[in-house]
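[1] sequence and computational prediction follow.
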Number of protein chains: 2
Amino acid sequence: MKTTRNTAAKTAIASLLSESKVALSHVEIQHQLNGLCDRVTIYRVLDRLVNEDSIHKIATPEGTVKYASCHHTHTHDHHPHQHNHVHFHCEKCQSVSCLDAVVPQFEIPSSYVVKETNFTVTGICPNCQ
Amino acid sequence: MKTTRNTAAKTAIASLLSESKVALSHVEIQHQLNGLCDRVTIYRVLDRLVNEDSIHKIATPEGTVKYASCHHTHTHDHHPHQHNHVHFHCEKCQSVSCLDAVVPQFEIPSSYVVKETNFTVTGICPNCQ
DNA sequence: TTATTTATTGCAACATTGTTGCGTTATTTA
DNA sequence: TAAATAACGCAACAATGTTGCAATAAATAA
């Protein structure tokens, strides 16, 4: 089977995301890496990290793609991070952050099979008021 | 003030979306218009329709952008359509549709100002089972 | 109806974002 | 330390979205 390796780029990108309070876009990551690796490598590392389930991909309603490694508090969870929380998108500073504690309730017809939920709330974040 | 005009492209795109059960991407619209107008015009018309609040823009968690003019049932609403319902994204046929009846409940800290919510549920739609 | 105003369009050119193939590099483990 | 191969850099391409500008066509006034 295909094993995955720890490389400089992967380590750097993972720790960048894990230390950031907000989700980062490809361009933001590239900028912060300051030439450590190629643009294409960033795409490939991000894909790998998503597959390994150590980060997740988010898109704002406008279609901007960002990545976040958010830390949840539910210790009995099998997954390394929580997907089904709310993402807050600030329309002023354009930041996207995870509200790990907020889990929405909803009822959907049983004819639909639910595998994943992605909830994004747009507005003004505490920092921008 | 800037007035908005009814053109062939705008009428065609609006009725395309209003007759479609699923949200449509730019490419899908372009294909269905069959050369009625330029690619750029489609982008501009979509922007206009979004501004006029007669359609809305959706992005799947993967970042694919689609447009829908969904009809709600809440007659006392001031808006021509309902934004805060759930969008269902089928991972098999890739369709995105509006579940107008499903309105999720959630509680968010008061330090956030909420202006809009975008909820997408991914899974298998009734048609694909 | 015809003329006027200007919103809208088409086209070309560009910007951004994401993908693929392939030879080279470097991590892993035997 | 050497062999196997995952990951990389580079170049080239594909897809998606944007902008400027001259030409066109709605809406309104005359």
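    Done, it's in.

[2] what's the pLDDT at A:N127?
    Here the pLDDT value assigned to A:N127 is 94.

[3] so it, which of the three states?
    helix (DSSP: H, G, I helix; E, B strand; the rest coil).

[4] grab the nearest non-local neighbour of it.
    Of all residues not flanking A:N127 in the chain, A:C93 sits nearest, at 6.9 Å (Cβ to Cβ, 6 or more residues apart in numbering or on different chains). From N, CA and C alone the C-beta is placed, and that goes for glycine too.

[5] wait, the one you found touches A:P126, no?
    No - when contacts are counted by Cβ atoms under 8 Å, A:C93 is not listed as touching A:P126 (10.9 Å).

[6] from A:E19, how far off is the residue nearest to A:N127?
    For A:C93, the distance to A:E19 equals 18 Å [Cβ to Cβ, to the nearest Å].

[7] got the buried residues for stretch A:99-106?
    A:L99, A:V102, A:P104, A:F106 (16 or more other Cβ atoms under 10 Å in any protein chain shown).

[8] tell me the one of those residues nearest DNA strand C?
    A:L99 (22.8 Å; Cβ to the nearest atom of the strand).

[9] from A:V121, how far off is that closest one?
    8 Å.

[10] which strands or helices does the longest strand anywhere in chain A pack on?
    Counting residues, the longest strand found in chain A (DSSP state E) is strand A:113-124. If you count contacts as 3 or more Cβ pairs under 8 Å, 6 or more residues apart in numbering or on different chains; DSSP states H and E, strand A:113-124 packs onto strand A:86-90, strand B:113-124.

[11] so how far does stretch A:95-109 reach from one end to the other?
    33 Å (Cα to Cα, to the nearest Å).

[12] for the residue nearest to A:N127, grab phi and psi.
    Main-chain torsions, A:C93, degrees, to the nearest 10: phi -100, psi 0.

[13] for it, give its distance to B:E52.
    A:C93 sits 27 Å away from B:E52, going by Cβ to Cβ.

[14] residue contacts, A:V96?
    A:V22, A:A23, A:I58, A:T60, A:K66, A:A68, A:H87, A:F88, A:H89, A:C90, A:T120 (Cβ atoms under 8 Å, 6 or more residues apart in numbering or on different chains).

[15] next: A:T117.
    A:H83, A:N84, A:P104, B:F119, B:T120, B:V121, B:T122.

[16] any residues in contact with both of A:L99 and A:V121?
    Common neighbours of A:L99 and A:V121, counting by Cβ under 8 Å, 6+ apart, are A:V86, A:H87, A:F88, B:I108.

[17] among those residues, which two are most distant?
    Within the shared contacts of A:L99 and A:V121, A:H87 and B:I108 form the most distant pair, 11.2 Å apart (Cβ to Cβ).

[18] overlap in contacts of these two?
    By Cβ under 8 Å, 6+ apart, A:H87 and B:I108 have these common neighbours: A:L99, A:V121.

[19] so for those two, which sits in the more crowded spot?
    Set side by side, A:H87 and B:I108 show more neighbours around A:H87, with 24 against 17, by other Cβ atoms under 10 Å in any protein chain shown.

[20] and the closest residue to that one other than its chain neighbours, how far from B:K66?
    Spatial nearest neighbour of A:H87, excluding adjacent residues (Cβ to Cβ, 6+ apart): A:T120 at 4.7 Å. Distance from A:T120 to B:K66, counting by Cβ to Cβ: 15 Å.

[21] between the two, tell me which one has more neighbours.
    B:K66 (24 against 20).

[22] correct me, but that one touches B:S20?
    No - applying Cβ under 8 Å as the test, B:K66 and B:S20 come out as separate, 10.1 Å apart.

[23] list of residues touching stretch A:53-60?
    A:14, A:17, A:23, A:46, A:49-50, A:65-70, A:79-81, A:83, A:87, A:89, A:96, A:118, A:120, A:122, B:59-63.
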